[in-house]
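Peer 1: this one's sequence-less:
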Ligand SMILES: Nc1nc2c(ncn2[C@@H]2O[C@H](COP(=O)(O)OP(=O)(O)OP(=O)(O)O)[C@@H](O)[C@H]2O)c(=O)[nH]1
């Protein structure tokens, strides 16, 4: 395969310019997301470094060798900042190391005028920067279920290329393409860096997109005040648990909680204290939850739990929670909860929505029979049987 270095150079400038514009618009469109901001600066810095590298053809040395490479490693540093920001890590000053090191090395004529030495240091810096990016990305693997592997593959290929260059690029000047490239290996560097820039731009866009989508998805399933699941999450997760119980022949208990006289707590102690009571209630119930369970805030002072327990276990659990709530008294504010529950055998498990209706009927009884108590739903057949016995 024969590749013309000048054509590649023009293509690379075009790709870098185009990717910078795409990233700039993506950055503005994302309300100035810092990850995209750092990536934009990295792309623009690389574009600038490439343009300066072409000045070798006009006999310049300082701008392409010293300034151009300092800007290139500044760009790599910006990529490190983009990945650190993605991970939520502080930036520090390590990202400047590559640019500073190159600037210092250029003060030594043995380095500045030696192409092979410059090639070796370039390879080592690129390897180190890419290894840092790989490590940072590894720490974000749980945040990126879809884009982690493509992003990691791209970086590993980039790292492998620079390791290969370390052995294959002897740093011999190439008179034919001397102007832009400097060595025989230049066409491969241009080709790889062009593909890397394109791949990286779209990978970072996909990573940021995935992170944003997941955080919105998570926020849509959480109650903003208490941080526990909301009604939507309860139906989704509760029905999954119901399915699991049906398949594994386990009983299911659905519980509804309603804090007693909560309006009066707000009136007496203020809305802020009311919020603290809600948080305290969530803490108490969450601590008591068995492993196979889902707990959620339905709205206001109404909460629900879905548990894999039979009727007796469910009743005991509800009693335990009722007592713990009464005893918790956050900041001397004593509050109580009324609880309605229903328990079903594995063969009679229906969807959570219908079981909540039954638990609500029991809760109504708990409220009308004096509050701060647990009531269990009684099916119609059992009710008429009881009535007949009386
Ligand atoms: N502090 C606070 N109060 C809330 C929140 N959501 C709902 N409330 C209040 O909860 C109160 C619920 O009052 P009611 O529905 O009358 O029920 P209650 O006073 O608990 O009476 P019973 O349920 O009959 O025992 C209302 O005053 C709401 O303003 C919240 O997020 N924070």
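Peer 2: Alright, I've got the coordinates. Predicted, not measured: the structure shown is a model, and the values here were computed from it.
Peer 1: which residue, neighbours along the chain excluded, lies closest to the residue in the chain that the ligand sits nearest to?
Peer 2: Nearest residue of the chain to the ligand: residue 274, at 2.6 Å (CB to the nearest ligand atom). All C-beta atoms are positioned from the backbone trio N, CA, C, and that covers glycine. Spatial nearest neighbour of residue 274, chain neighbours left out: residue 266 (4.1 Å); criterion: CB to CB, 6 or more residues apart in numbering.
Peer 1: now do the SS call for that neighbour.
Peer 2: Under the three-state scheme (DSSP: H, G, I helix; E, B strand; the rest coil), residue 266 adopts helix.
Peer 1: if we can go back for a sec, how many residues are close by the residue of the chain closest to the ligand?
Peer 2: Using other CB atoms under 10 Å, residue 274 is surrounded by 20 other residues.
Peer 1: what's near enough to touch it?
Peer 2: Counting by CB atoms under 8 Å, 6 or more residues apart in numbering, residue 274 touches 262, 265-266.
Peer 1: and this structure, which residues reach the ligand?
Peer 2: By CB under 6 Å from any ligand atom, the residues of the chain that approach the ligand are 225, 258-264, 266, 271, 274-275, 278, 300-301, 367, 371.
Peer 1: so which of these sit within helices?
Peer 2: Judged by DSSP state H, helices contain the following of these: 262-264, 266, 271, 274-275, 278, 367.
Peer 1: selection in PyMOL covering whichever of those residues are buried, please.
Peer 2: To isolate the buried members of those in PyMOL, using 16 or more other CB atoms under 10 Å:
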select buried, resi 262+266+274+278+367
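Peer 1: now pLDDT too, for the ones in helices among the residues of the chain next to the ligand, in TSV please.
Peer 2: Output for these, formatted as TSV (pLDDT from 0 to 100):
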residue	pLDDT
262	96
263	96
264	96
266	96
271	95
274	96
275	96
278	97
367	97
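Peer 1: for the ones in helices among the residues of the chain next to the ligand, which one is nearest residue 90?
Peer 2: residue 275 (31.7 Å; CB to CB).
Peer 1: find the nearest non-adjacent residue to that closest one, please.
Peer 2: The spatial neighbour of residue 275 that comes closest, neighbours along the chain excluded (CB to CB, 6+ apart), is residue 225 at 6.3 Å.
Peer 1: work out for me the element the residue nearest to residue 23 when sequence neighbours are not counted sits within.
Peer 2: Distances taken as CB to CB, 6+ apart place residue 40 nearest to residue 23, at 4.4 Å, with adjacent residues excluded. For residue 40, the host element (DSSP states H and E) is helix 34-53.
Peer 1: in the next helix-or-strand element following that helix, which residues are buried?
Peer 2: Per DSSP H and E, the first helix or strand lying C-terminal to helix 34-53 is helix 69-87. Judged by neighbour count (16+ other CB under 10 Å), helix 69-87 contains these buried residues: 69-86.
Peer 1: elements contacting helix 69-87?
Peer 2: Here helix 69-87 touches helix 34-53, helix 97-105, helix 115-139, helix 186-219, going by 3 or more CB pairs under 8 Å, 6 or more residues apart in numbering; DSSP states H and E.
Peer 1: out of those, which is closest to residue 348?
Peer 2: Set against residue 348 and scored by CB to CB, those come closest in helix 186-219, at 32.8 Å.
Peer 1: kindly calculate the angle that that closest one makes with helix 69-87.
Peer 2: 20 degrees (axes from the mean of the first three to the mean of the last three CA atoms, to 10 degrees).
Peer 1: how far is helix 186-219 from where the chain is centred?
Peer 2: The chain centroid and the centroid of helix 186-219 are separated by 15 Å under CA atoms, centre = their mean, to the nearest Å.
Peer 1: would you turn the contacts of residue 274 into CSV with distance to residue 352?
Peer 2: Converted to CSV, the contacts of residue 274 look like this (distance: CB to CB, whole Å):
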residue, distance to residue 352
262, 24
265, 29
266, 29
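Peer 1: give me the neighbour count for residue 12.
Peer 2: Residues near residue 12, counting by other CB under 10 Å: 21.
Peer 1: what strand or helix carries it?
Peer 2: helix 5-29.
Peer 1: quick one: mean pLDDT over that helix.
Peer 2: Averaged across helix 5-29, the pLDDT comes to 93.
Peer 1: list the contacts of it.
Peer 2: By CB under 8 Å, 6+ apart, helix 5-29 touches 33, 36-37, 39-40, 43-44, 46-47, 50-51, 54, 177, 180-181, 186-187, 190-191, 193-194, 197-198, 201, 204-205, 208.
Peer 1: now swap in stretch 144-156 and tell me
Peer 2: Here stretch 144-156 makes contact (CB under 8 Å, 6+ apart) with 130, 133-134, 137-138, 140-141, 196, 199-200, 203-204, 206-207, 210-211.
Peer 1: average pLDDT for stretch 105-117?
Peer 2: Taken as a whole, stretch 105-117 carries a mean pLDDT of 93.
Peer 1: list the buried ones in that stretch?
Peer 2: By neighbour count on 16+ other CB under 10 Å, the buried set for stretch 105-117 is 105-106, 111, 115.
Peer 1: got the domain boundaries for this protein?
Peer 2: Per the record, the chain has its domains at 5-219, 229-389, by automatic domain parsing.
Peer 1: now do the same end-to-end measure for the longest one.
Peer 2: The distance separating the two terminal residues of domain 5-219, taken as CA to CA, to the nearest Å, comes to 50 Å.
Peer 1: what's the offset of that domain from the middle of its chain?
Peer 2: Domain 5-219 sits 24 Å away from the centroid of its parent chain (CA atoms, centre = their mean).
Peer 1: then the shortest one?
Peer 2: Here domain 229-389 is found 32 Å from its chain centre; the criterion is CA atoms, centre = their mean.
Peer 1: next, count neighbours for residue 141.
Peer 2: Look at residue 141: counted by other CB under 10 Å, it has 12 neighbours.
Peer 1: ok, for it, nearest residue in space, not its chain neighbours?
Peer 2: Per CB to CB, 6+ apart, closest to residue 141 is residue 148, 4.7 Å.
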